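**Student:** predicted model and sequence below, questions to follow.
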Amino acid sequence: MKALIRILLIIAAADALAQDSLKTLELKEVVVTGQFEPQSLRKSVYQVRTISSEIIRQRAAVNVQTVLNTELGIRFSNDPTLGTSDIALMGMSGQNVKILLDGVPLLDRGATRESLNQIDINTIERIEIVEGPMSVVYGADALAGVINIITRKGVADDRNLSVDARVQEETAGEEYDAFSKKGIHNENVNVAWQGNGWSAAASVTRNNSGGWKESRATDQAVREWHPKDQWLGMGTVGYNTDRFKIWYRLNYLNENILSNENTYVDIRTNALMAIDREFITNRYTHQAQAEWQLTNRWDLTAQASYQDYSRRTQATTVNMETGDRRLYLNDAAAQDEARFDSKTFRATALHRLSSTVSIQPGIDVNLNKGFGDRIDGTRTINDYALFASAEVSPSKAVNVRPGLRFTYNSVYDAPPVIPSVNAKFALNNKLDLRLAYAYGFRAPALRELYFSYHDANHDIDGNPDLKAEHSNSFTGSLAWQTYTSSAWRMTTTFGGFCNFFENMITLGTTDAANNRYTYVNVYKNRTAGGTLNNSIRSKQVQASAGFAYIGVYNDLSEEDRSLPSLLWTPEVNATVTWHLDALGASVSAFYKFNGSRSSYTATTVNGEQVAALGKIESYHWADLTITKKLMKYLDLGVGAKNLFDVVQVNSTVTTGDAHTTGGPLPVGYGRSYFMSLNFHLTQ
């Protein structure tokens with residue numbers, strides 16, 4: 001009998017621990033993006049996805065793209081010419097996605113969101129993704145949604161000092177050399193301290209990739225994935241009291257991408273020559289933020305940033321026999337530099353009128369400047385805005401958030417008023433319904449207005465007469481706590497969206513015979529789709545599976561009614577993590593199926609214009625990681641990425657992008673393997 005009682009007590013204790021673990025996990029799911037103040041994920045009027053630092057660690061990621069590439073509704077496209085990548089969210093390209101670093105918009109030189117892979121992955125605490133326009137809160141460029149990168153602040157667990165170090169070595173397909181050249185190499189050191197209200201931290205990271213070359217390539221100098229070397233530095237200092245917080249941070253990036261072009265024979269010397277192009281980027285980001293709780297009813301927040309960005313192209317010729325290297329001056333784009341800077345200031349006041357009503361007025365100022373060899377003179381775009389939102393909760397089951405934004409822009413005619421309304425209804429203790437309408441807009445970027453790029457392969461001009469993009473968006477979601485017990489929690493979420501766009505900005509052909517392009521406004525566009533997500537969670541296992549069906553507008557359907565107005569693409573993803581506490585280890589698997597994408601292009605056959613159907617083929621992606629605690633302060637990680645060994649996918653689509661035509665599209669560099677050591681000390 002005593003033995004039976006002991007067994008029952010052990011089971012009860014384990015059950016209580018599991019329940020406490022789940023409750024603690026739920027309490028930790030706090031979001032800040034677009035919120036009046038930090039609050040639990042379930043209480044937010046927005047449908048927010050979060051990616052924790054634990055997931056980032058399990059992904060063995062060296063950049064943000066590695067973390068996001070198996071997320072539902074997110075796809076990346078790679079530009080082999082420039083060595084950059086861009087994101088698409090729910091069928092909309094990166095130019096419609098707002099990238100924030102602790103709430104501050106990051107500067108990009110053009111429509112491509114290069115900044116996403118220029119953030120130090122080792123400093124990230126979590127990533128928050130909000131789908132749908134957030135123009136009232138964050139202004140232009142947030143038509144598709146917002147990705148907010150939240151960085152670590154101070155030292156966890158109320159300790160005074162933390163020291164973190166990381167070394168990760170990864171193959172690029174079958175290519176690898178230890179710590180340099182072939183393969184991918186990541187090293188990081190981070191030191192943080194806090195005491196007596198003060199905090200300080202510093203971090204240095206090196207990301208090095210030797211690029212990758214298809215084994216069948218005929219030219220040994222050319223690599224399909226360019227070698228890249230990044231140095232990232234961060235320093236921050238802050239001061240906190242119970243009612244006041246202030247901090248300053250400086251981030252620095254130096255990036256060097258090397259493009260090895262085809263070799264050729266110099267007809268004068270008969271020497272074998274090669275052209276190397278280096279794309280050199282330097283980025284300084286200064287950021288300051290303050291929070292002040294004046295009273296129990298009034299909070300003030302303010303943030304300011306200054307970003308200085310430059311990208312330089314340097315081309316050289318190399319004598320493959322003697323090694324002699326000289327500047328290449330045979331085309332205008334061989335030696336050039338573009339510089340951009342951005343100044344932002346944002347301030348909000350939160351006033352709690354009562355337990356059921358809160359209001360938040362604010363101001364938002366964005367000053368952008370660009371100049372360089374490819375930009376006609378020095379150009380500026382200044383944006384000034386006033387905005388206000390309210391949260392009204394007439395009952396515990398209802399939360400409504402209307403908002404308005406008033407904007408003045410120095411270059412284009414901004415919408416006089418930008419409205420939005422979000423609502424959350426707790427139908428019962430297991431069902432949460434969210435509905436939203438938002439009017440969105442995107443300002444033309446400096447690059448789209450004034451950019452000029454002419455060389456042997458490009459002929460692109462900006463268009464100073466561009467109009468701002470506009471959208472009307474409707475979104476909804478239903479979250480259902482399908483099963484809850486002391487040890488398990490299961491959630492199912494249904495979502496849907498529909499976006500109507502006007503004046504979408506895209507590259508248009510002005511002279512097809514000579515590949516000349518400029519930026520133009522497209523009269524209208526549309527996206528729609530639905531999602532289904534399931535997640536299950538316990539102390540030992542976290543798993544999720546999702547499905548998305550996303551439709552993108554076919555503009556040729558306006559001329560030919562027999563063509564479909566929307567072209568649909570399926571996506572499936574799944575993740576699972578299993579914690580083996582007895583072994584001090586965990587196993588994680590990540591999977592994504594990207595369905596084929598279709599597109600109609602106008603073409604001429606026998607002198608008659610017809611619509612030609614093109615497709616980008618589907619592919620599967622999967623990663624597997626294992627982590628093991630070796631000792632108190634040291635963890636080991638091993639695994640494999642791109643298990644399906646995807647290198648490229650076939651495409652018969654020709655678009656208006658100057659770098660995108662029919663033919664194979666690069667996706668990955670084949671199946672790769674990694675090993676990492678992570679050191680973490682706190683005291």
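**Tutor:** Yep, it's here.
**Student:** dump the residue contacts of Thr301.
**Tutor:** Applying C-beta atoms under 8 Å, 6 or more residues apart in numbering to Thr301 gives the contacts 289-292, 347-348, 350. From N, CA and C alone the C-beta is placed, and that goes for glycine too.
**Student:** out of the residues you listed, which comes closest to Met134?
**Tutor:** Of all those, Met134 sits closest to Thr348, with 14.2 Å by C-beta to C-beta.
**Student:** excluding its backbone neighbours, what's nearest the closest one?
**Tutor:** Gly362 (3.7 Å; C-beta to C-beta, 6 or more residues apart in numbering).
**Student:** and the gap between that neighbour and Asn382?
**Tutor:** To Asn382, Gly362 is 18 Å away according to C-beta to C-beta, to the nearest Å.
**Student:** tell me which of these two has more neighbours.
**Tutor:** The neighbour comparison of Gly362 against Asn382 (other C-beta atoms under 10 Å) goes to Gly362, with 19 against 14.
**Student:** for the host helix or strand of the more buried one, what is the distance to the chain centroid?
**Tutor:** Following DSSP states H and E, the helix or strand that holds Gly362 is strand 357-372. Relative to its chain's centre, strand 357-372 lies at 21 Å (C-alpha atoms, centre = their mean, to the nearest Å).
**Student:** buried set for that strand?
**Tutor:** By neighbour count on 16 or more other C-beta atoms under 10 Å, the buried set for strand 357-372 is 358, 360, 362, 364, 366-368, 370-372.
**Student:** now do it: which elements does it pack against?
**Tutor:** Using 3 or more C-beta pairs under 8 Å, 6 or more residues apart in numbering; DSSP states H and E, the elements in contact with strand 357-372 are strand 335-352, strand 375-395, helix 446-450.
**Student:** which of those is buried the deepest?
**Tutor:** A comparison of the helices and strands packed on strand 357-372 by mean neighbour count, using mean count of other C-beta atoms under 10 Å, puts helix 446-450 on top with a mean of 23.
**Student:** quick one: list the elements packing against that helix.
**Tutor:** strand 357-372, strand 375-395.
**Student:** one step back: ranking the helices and strands packed on strand 357-372 by mean pLDDT, which is last?
**Tutor:** Least confident of the helices and strands packed on strand 357-372, judged by mean pLDDT, is helix 446-450 with a mean of 83.
**Student:** could you export it as PDB, CA atoms only?
**Tutor:** Presented in PDB, the C-alpha positions along helix 446-450 are these (Å, rounded to 0.1, in the frame of the first residue of the first chain):
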ATOM      1  CA  LEU A 446      14.700  56.100 -53.700                       C
ATOM      2  CA  ARG A 447      16.000  53.300 -55.900                       C
ATOM      3  CA  GLU A 448      12.700  53.100 -57.800                       C
ATOM      4  CA  LEU A 449      12.500  56.800 -58.300                       C
ATOM      5  CA  TYR A 450      16.000  57.900 -59.200                       C
END
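**Student:** give me the most central residue, the chain.
**Tutor:** Compute the mean C-alpha point of the chain, and by C-alpha atoms, centre = their mean the closest residue is Leu116, 5.0 Å away.
**Student:** how about that one, what does it touch?
**Tutor:** 64-65, 68, 85, 87, 99, 147.
**Student:** that one: what secondary structure?
**Tutor:** What DSSP: H, G, I helix; E, B strand; the rest coil gives for Leu116 is helix.
**Student:** can you pull the contacts of the residue nearest to Leu563 when sequence neighbours are not counted?
**Tutor:** Nearest non-adjacent residue to Leu563, counting by C-beta to C-beta, 6+ apart: Ser557, 4.5 Å away. By C-beta under 8 Å, 6+ apart, the contact list for Ser557 reads 563-565, 600.
**Student:** closest to Ala438 among the residues you listed?
**Tutor:** Proximity of the contacts of Ser557 to Ala438 (C-beta to C-beta) peaks at Ser565, which lies at 22.6 Å.
**Student:** how many other residues sit next to that closest one?
**Tutor:** Ser565 has 14 nearby residues by other C-beta under 10 Å.
**Student:** pretty sure it sits against Asp555.
**Tutor:** No: assessed by C-beta atoms under 8 Å, Ser565 is found out of contact with Asp555, at 9.3 Å.
**Student:** before we move on, back to that, would JSON lines of the helices and strands packed on helix 446-450 with distance to His579 be doable?
**Tutor:** Formatted as JSON lines, the helices and strands packed on helix 446-450 follow (distance: least, C-beta to C-beta, whole Å):
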{"stretch": "strand 357-372", "distance to His579": "39"}
{"stretch": "strand 375-395", "distance to His579": "37"}
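**Student:** circling back to that earlier point, got a list of what the residue nearest to Thr348 touches?
**Tutor:** 346-349, 386-388.
**Student:** tell me which stretches of the stretch 1-150 of the chain form helices.
**Tutor:** With DSSP state H, counting those that start in this stretch as the criterion, the stretch 1-150 of the chain has helices at 2-28, 53-59, 64-68, 135-138.
**Student:** worst average pLDDT in these?
**Tutor:** The stretch with the lowest mean pLDDT among the helices of the stretch 1-150 of the chain is helix 2-28, at a mean of 43.
**Student:** low-confidence regions, the stretch 351-500 of the chain specifically.
**Tutor:** Regions of the stretch 351-500 of the chain meeting the criterion pLDDT under 70 cover residues 454-458.
**Student:** residues in contact with Ala543?
**Tutor:** Ala543 makes contacts with 535-537, 574-577, as judged by C-beta under 8 Å, 6+ apart.
**Student:** so which of the residues you listed sit within strands?
**Tutor:** Using DSSP state E, the members of those that fall in strands are 535-537, 574-577.
**Student:** farthest-apart pair in these, please.
**Tutor:** Using C-beta to C-beta for every pair in the ones in strands among the contacts of Ala543, the one that comes out farthest apart is Arg537 and Ala574, at 14.4 Å.
**Student:** what residues sit buried inside stretch 424-442?
**Tutor:** 424, 426, 432, 434-442.
**Student:** for stretch 581-592, same thing?
**Tutor:** So stretch 581-592, judged by 16+ other C-beta under 10 Å, has buried residues 586-592.
**Student:** how distant is stretch 590-601 from the center of its chain?
**Tutor:** The answer for stretch 590-601 is 19 Å, by C-alpha atoms, centre = their mean.
**Student:** quick one: mean pLDDT over that stretch.
**Tutor:** For stretch 590-601, the per-residue pLDDT averages 93.
**Student:** extract the C-alpha set from that stretch and format it as PDB.
**Tutor:** Provided in PDB are the C-alpha atoms of stretch 590-601 (Å, rounded to 0.1, in the frame of the first residue of the first chain):
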ATOM      1  CA  PHE A 590      11.900  20.900 -39.800                       C
ATOM      2  CA  TYR A 591      10.100  20.400 -43.100                       C
ATOM      3  CA  LYS A 592       8.600  22.500 -45.800                       C
ATOM      4  CA  PHE A 593       6.900  21.800 -49.100                       C
ATOM      5  CA  ASN A 594       6.800  24.700 -51.500                       C
ATOM      6  CA  GLY A 595       4.300  24.000 -54.300                       C
ATOM      7  CA  SER A 596       4.700  25.000 -57.900                       C
ATOM      8  CA  ARG A 597       4.000  28.600 -58.900                       C
ATOM      9  CA  SER A 598       2.300  29.500 -62.100                       C
ATOM     10  CA  SER A 599       2.400  32.700 -64.100                       C
ATOM     11  CA  TYR A 600       1.100  33.800 -67.500                       C
ATOM     12  CA  THR A 601       3.200  36.000 -69.700                       C
END
